[in-house]
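Undergrad: Provide a 3D model corresponding to the input given below.
(2 chains)
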Amino acid sequence: MASLLIIKNLKVNIENKPILKGVNLQVPVGKVVALMGKNGSGKSTLSHVLMGSPEYKVVGGSVSLGGKNILHLSADERARLGIFLAFQYPYEIPGLSVYHFLQTAVQAVRGKKFNIEKFKQELKVAMSDLKLSENFLQRGLNEGFSGGEKKRMEILQLKLLRPRLAILDETDSGLDIDALKLVAVNVKKMVKQKMSVLVITHYQRLLNFLPPDQVHIMHEGRIVQSGQGSLVKKLEQQGYDWLERKN
Amino acid sequence: MSPVKNISINPAKYYFRDNHRPILRAPKGLNADVVKLISAQKKEPAWLLEMRLRALKIFLEKPLPTWGANLSKIDFSDIYYYIRPAQERGLTWQDVPEKIKKTFDRLGIPQAERKFLAGVGAQYESEMIYHSLKDKWSKLGVIFADMSEAPVKYPDLVKKYFGKIVPSKDNKFAALNSAVWSGGSFIYVPRGVKVEIPLQAYFRINAAGMGQFERTLIIADEGSSVHYIEGCTAPMYSRDSLHAAVVELVALKGAHIRYTTIQNWSHNVYNLVTKRAWAEEEAVVEWIDGNLGSKVTMKYPCVILKGRKSRAEIISVAFANSNQHQDAGSKVIHLAPETSSNVIAKSIAKGNGRTTYRGLVQVDKRANKAKVKVKCDALLIDRQSRSDTYPTMRIDNDNVTIEHEATVAKIGEQQLYYLNSRGLDTETAERLIVSGFFEVFARELPMEYALELNRLIALEMEGSVG
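TA: Next up is the predicted model:
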């Protein structure tokens, strides 16, 4: 099984304090991989390091996407290469209309292949898929949106940008069960078209609707347990405590 | 480089110069002879010449204001106070001298007139070289004229209001304008007439060391409405130029005046303008004021709410790039009951650019149940840029509602990262954040001007990264 994303012995510091202490992880093409762990285990840090946040300093290891080393690339270059991060806390950009933002972003990512009429058509369909009213298009990006609206807006961007790798960072928080199902259905559709997914989550809720092919558990900056989807069940029954006892 | 190329950016669009030769140029410097020469050129009535000479005296007596931007480098003896570019004013663009016509063609004025304007005035140096109002509006009695011809053609209206809203003694630059003014627009909208599409005037300085001193008076009679738009540009010179205009608005009972400015002077122009409006009972006055260009701007559009239930809206944006100081703001004076005002001021400073918000809200004891709302937001692009806020409130009535809010923010690293993560490079991301910040202003503009504003912002934001 070919891996799209390969992380080898990744070490990351914040202010000289090690946060990721040698992470090894692979995400195969067209598969869903779950990364679970308690708050503060380093899983959100990993998602931002993969996206290229300037806040973190990589001190060792390598990350490649489709065989191409990406650690020297900026966030926008990684996005254009096909990485997408659905933020846990999306930022507000007051006055920047959702429509203008989406069009500019999709145009930047698709480059010469961008076609405005096709984009408008896709946008219409994608919004209807996510049960988002077209009124959102004229509003400021995430400006005054509820938590759930922000999360659906992230998935709308995911659908339009069509990345090779989608990282979902705690996308389930703030979503009710119907919205959760809606997100899962839409992501699954994209997985069928060979998108790879790294789901980062504390809970099992989203995974009930988006069953992972592989599960990894992170603890204090390291992957401490890996397994099949059944690992989720075990966590559900025993909580994270058994890991701590084990380690 | 930006991957998004849907905006064409070219500073040469505004800052070019032509080599048109004027037919008359007063000698450099300011004295009574220059004032008399200007007055004689316009064959003015005696009372106006007297007013000019009194104003000259006031100008020479008043000290340079030191409470705002630095004006100490202005050399008043090194300025041309009057340049007449052509013998006659054109009624069609064909009548305008070829080189000047080309300049306005490049600025897109005749095209805009055809597409969406009710009338156009074009001022070049000291004179309106073109003025035209579509038949539909002149038939309804609307007057849209060169201010220089108004004292002779419309003496009653001019005598009644000219210099009454902004007296010569108001400030040093109002006095200067009152002494040497030339050109500008005179507008009268008859009772009940609503001019649905905008009138526009465009002001162009071409010569180096030029002083432009146009004067505008707009009178909206009872129940009428009008939207006036002004734009302005100049070529880039190493020598400084001076623009000191006076604008007076009179909104009679139930009238509505909207006055929109997109100021894009080149970065060698001192822009020192006095703008003030009277609003009678139930009248509405809106100043939509955008300041992007100039070296120094000092401008505080004012509304005096004289009549019951009159209303003021002042929405302004200022963009100060390196070596620019935008000292701008607003004034609202509530003199009558149930008057209301809404002030929104947004400013952006970049490089070593500096923005200052200076605002006054005054509520008289007669102004029962007045409502005041002031919101000013400043955005700093980098570490060298600077922004200051000086809001003044003088409230002499207890029965009023007042809301005031002020924020200063830096462009957030996290906002930039968020947009980067969607494939947008940092330059594009900054531009989107800045346009978003100004959106509350842009949405007040006709579409063509909103697009122009975005182009200007893109121009100012160019090369901000790295």
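Undergrad: Where do the helices of chain A begin and end?
TA: Assigned by DSSP state H, the helices in chain A fall at A:43-51, A:75-81, A:98-110, A:116-129, A:147-161, A:177-192, A:205-209, A:230-238, A:241-246.
Undergrad: hey, least reliable of the ones you listed by pLDDT?
TA: Confidence, taken as mean pLDDT, is least for helix A:241-246 of the helices of chain A (a mean of 68).
Undergrad: Output the set of residues of chain B in proximity to chain A.
TA: Contact residues, chain B versus chain A (Cβ under 8 Å from any Cβ of the partner chain): B:3-4, B:6, B:412-415, B:417-426, B:428-429, B:432-433, B:435-440. Any C-beta I mention is one placed from the backbone N, CA and C, and that applies to glycine too.
Undergrad: Was I right to think B:Ala312 contacts B:Ala279?
TA: Yes. Contact between B:Ala312 and B:Ala279 holds when scored by Cβ atoms under 8 Å: they sit 6.6 Å apart.
Undergrad: which neighbours do these two share?
TA: Counting by Cβ atoms under 8 Å, 6 or more residues apart in numbering or on different chains, the contacts common to B:Ala312 and B:Ala279 are B:Val285, B:Val303, B:Leu305.
Undergrad: what's around the nearest residue to B:Ser385 once chain neighbours are set aside, how many residues?
TA: What sits nearest to B:Ser385 in space, not counting adjacent residues and going by Cβ to Cβ, 6 or more residues apart in numbering or on different chains, is B:Ala349, at 3.6 Å. For B:Ala349, the tally of surrounding residues (other Cβ atoms under 10 Å in any protein chain shown) stands at 28.
Undergrad: In contact with residue 80, which residues?
TA: By default, I'm working from chain A. Counting by Cβ under 8 Å, 6+ apart, A:Arg80 makes contact with A:Ala108, A:Val109, A:Gly111, B:Pro3, B:Gly423.
Undergrad: Actually, chain B is the one I wanted.
TA: Shown in contact with B:Tyr80 (Cβ under 8 Å, 6+ apart): B:Arg25, B:Ala26, B:Lys28, B:Ala207, B:Gly209, B:Met210, B:Gly211.
Undergrad: and the first one, how far is that from A:Leu141?
TA: Just to be clear, that refers to B:Arg25. B:Arg25 is 53 Å from A:Leu141, where distance means Cβ to Cβ, to the nearest Å.
Undergrad: Counting neighbours, go ahead and name the busier of the two.
TA: With neighbours defined as other Cβ under 10 Å, B:Arg25 and A:Leu141 compare such that A:Leu141 has more, 29 against 17.
Undergrad: mind checking which helix or strand B:Tyr228 is in?
TA: Using DSSP states H and E, B:Tyr228 sits in strand B:225-233.
Undergrad: Need the contact partners of that strand.
TA: Residues outside strand B:225-233 that contact it (Cβ under 8 Å, 6+ apart): B:14-15, B:107, B:185, B:187, B:189, B:194-195, B:197-205, B:216, B:218, B:220, B:243, B:255-266, B:293, B:446, B:449.
Undergrad: Can you tell me which of the residues you listed end up in strands?
TA: Applying DSSP state E to the contacts of strand B:225-233, the entries found in strands are B:185, B:187, B:189, B:199-204, B:216, B:218, B:220, B:243, B:256-263.
Undergrad: In stretch B:194-204, which residues have enough neighbours to count as buried?
TA: B:Val195, B:Pro198, B:Leu199, B:Gln200, B:Ala201, B:Tyr202, B:Phe203, B:Arg204 (16 or more other Cβ atoms under 10 Å in any protein chain shown).
Undergrad: Let me know the closest of those residues to chain A.
TA: Chain A has its nearest neighbour among the buried residues of stretch B:194-204 in B:Pro198, at 23.5 Å by Cβ to the nearest Cβ.
Undergrad: if we can go back for a sec, just the C-alpha atoms of the strand holding B:Tyr228, please, in CSV.
TA: What follows is strand B:225-233, C-alpha atoms only, in CSV (Å, rounded to 0.1, in the frame of the first residue of the first chain):
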residue,chain,number,x,y,z
SER,B,225,-31.3,64.5,-2.6
VAL,B,226,-27.9,64.4,-4.3
HIS,B,227,-24.8,62.3,-4.3
TYR,B,228,-21.6,64.1,-5.2
ILE,B,229,-18.3,62.2,-5.8
GLU,B,230,-14.9,63.8,-6.0
GLY,B,231,-11.6,62.2,-7.1
CYS,B,232,-8.2,63.7,-7.3
THR,B,233,-4.7,62.8,-8.5
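Undergrad: what's the angle from that strand to strand B:215-220?
TA: 160 degrees (axes from the mean of the first three to the mean of the last three Cα atoms, to 10 degrees).
Undergrad: ok, so of the buried residues of stretch B:194-204, who is nearest A:Ser230?
TA: B:Pro198 (69.1 Å; Cβ to Cβ).
Undergrad: For the shared contacts of B:Ala312 and B:Ala279, give me JSON lines that also has neighbour count and secondary structure.
TA: Listed next are the shared contacts of B:Ala312 and B:Ala279 as JSON lines, based on neighbours: other Cβ atoms under 10 Å in any protein chain shown; DSSP: H, G, I helix; E, B strand; the rest coil:
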{"residue": "B:Val285", "neighbour count": "30", "secondary structure": "strand"}
{"residue": "B:Val303", "neighbour count": "31", "secondary structure": "strand"}
{"residue": "B:Leu305", "neighbour count": "31", "secondary structure": "strand"}
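Undergrad: Now for the nearest residue to A:Asn9 once chain neighbours are set aside, how many residues are close by?
TA: Spatial nearest neighbour of A:Asn9, chain neighbours left out: A:Gly61 (4.1 Å); criterion: Cβ to Cβ, 6+ apart. Neighbour count of A:Gly61, defined by other Cβ under 10 Å: 17.
Undergrad: any idea which residue sits dead centre in chain A?
TA: Nearest to the mean C-alpha position of chain A, by Cα atoms, centre = their mean, lies A:Ile167 at 1.7 Å.
Undergrad: distance of that one from A:Ser44?
TA: Distance, A:Ile167 to A:Ser44, by Cβ to Cβ: 10 Å.
Undergrad: which residues do the two both contact?
TA: Counting by Cβ under 8 Å, 6+ apart, the residues touching both A:Ile167 and A:Ser44 are A:Ile200.
Undergrad: wait, what's in contact with the nearest residue to A:Gly144 once chain neighbours are set aside?
TA: Nearest residue to A:Gly144 in three dimensions, chain neighbours excluded: A:Glu92, at 7.8 Å (Cβ to Cβ, 6+ apart). Contact analysis of A:Glu92 by Cβ under 8 Å, 6+ apart lists A:Gly140, A:Leu141, A:Asn142, A:Glu143, A:Gly144, A:Phe145.
Undergrad: Quick check: the gap between the spatially most central residue of chain B and A:Pro211.
TA: In chain B, the centroid-proximal residue (Cα atoms, centre = their mean) is B:Thr261; its distance is 4.6 Å. Counting by Cβ to Cβ, the gap from B:Thr261 to A:Pro211 is 60 Å.
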